[in-house]
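Asks: This is a predicted model, with the sequence first.
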Amino acid sequence: MTDDFPLAAEFPPTTASEWRKLVETALKGAAIEKRLVSQTYDGIAVQPLYPRAAGAAVVAGRPAAPWQVIQRVDHPDARSANQQARQDLEEGAVGLAVVFAGAPSARGFGIGAHNAGDLERTLEGVILDLISLRIETAPFGGRPAAEMIKALVTARRLDASKLAIDFGLDPIRLRQGPFAARRRPRGARGSGFGGSGACLRAHGRRRLSAVARILGIHA
């Protein structure tokens, strides 16, 4: 995918001094340092706006790439979830976050996919090799979800190496969280998906960037 329509393309660049003038007008003469600058407990000033550091290196696991609009798909009914997904993509989203029932992020919702057929109904008409896909599963549900994705990709005869899929597995969190005593994560033997994308996350916030190509799925 290419970034043919960058969000800021129609706006002229703005300098820090121009921003400061607008803020001073909004504050009606009040000092920015008193109204917008806060202090940490150890006395470090937290500014309201920071410029990009000169020569800043790319953050590991976050390659320099355009922002993506990723929309949640979490309706329990497959038909409604499919309508939701297709409408979001038609209206500008470039990816989907498929939230399974029981996932920490489901908040009482989540798709009820129990097999590849259920997932196919949810993603019917969605061209997987043109979008980014993120999978959010219930604790210890990563392997079954990966098997469903593998079956779906195989049924559609897609080239897995050209798909952008983030499985978002978080074994560290599961070992340390409330589910740690219930079940231990399985070993590294995988489903052999063979696609590119992120496989693991550390505490759901930072991916283990060493996994650039998925050679096996485990949960």
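Replies: Arrived safely.
Asks: List the residues that contact residue 73.
Replies: Counting by C-beta atoms under 8 Å, 6 or more residues apart in numbering, residue 73 touches 81, 84-85, 88, 96-99, 111, 122. In this view, the C-beta of every residue, glycine as well, is placed from N, C-alpha and C.
Asks: Turn those residues into a markdown table, columns for distance to residue 163, neighbour count and pLDDT.
Replies: Output for the contacts of residue 73, formatted as a markdown table (distance: C-beta to C-beta, whole Å; neighbours: other C-beta atoms under 10 Å; pLDDT from 0 to 100):
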| residue | distance to residue 163 | neighbour count | pLDDT |
| --- | --- | --- | --- |
| 81 | 20 | 27 | 95 |
| 84 | 21 | 18 | 93 |
| 85 | 16 | 24 | 95 |
| 88 | 19 | 18 | 94 |
| 96 | 12 | 25 | 95 |
| 97 | 15 | 19 | 94 |
| 98 | 13 | 26 | 94 |
| 99 | 19 | 24 | 94 |
| 111 | 19 | 27 | 93 |
| 122 | 16 | 25 | 95 |
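Asks: Pick the one among these closest to residue 143.
Replies: Within the contacts of residue 73, proximity to residue 143 (C-beta to C-beta) peaks at residue 98, which comes in at 15.6 Å.
Asks: count of neighbours near the residue lying closest to residue 77 once chain neighbours are set aside?
Replies: With C-beta to C-beta, 6 or more residues apart in numbering as the criterion, residue 77 has its nearest non-adjacent residue at 7.9 Å, and that residue is residue 112. Neighbourhood size, residue 112 [other C-beta atoms under 10 Å]: 15.
Asks: Verify the stated contact: residue 112 with residue 74.
Replies: No. The pair residue 112 / residue 74 is not scored as a contact, 10.5 Å apart, by C-beta atoms under 8 Å.
Asks: Common neighbours of those two, please.
Replies: What both residue 112 and residue 74 touch, as defined by C-beta under 8 Å, 6+ apart, is an empty set.
Asks: which stretches of this protein have low pLDDT?
Replies: Counting by pLDDT under 70, the chain contains low-confidence ranges at 1-8, 58-65, 170-219.
Asks: That one: strands as residue ranges?
Replies: 38-39, 45-46, 70-73, 95-99, 132-136, 164-166, 201-202, 206-207 (DSSP state E).
Asks: helices or strands next to the fifth one in the packing?
Replies: Pointing back at strand 132-136 there. Here strand 132-136 touches strand 95-99, helix 142-155, strand 164-166, going by 3 or more C-beta pairs under 8 Å, 6 or more residues apart in numbering; DSSP states H and E.
Asks: for these, which one sits closest to residue 69?
Replies: strand 95-99 (7.2 Å).
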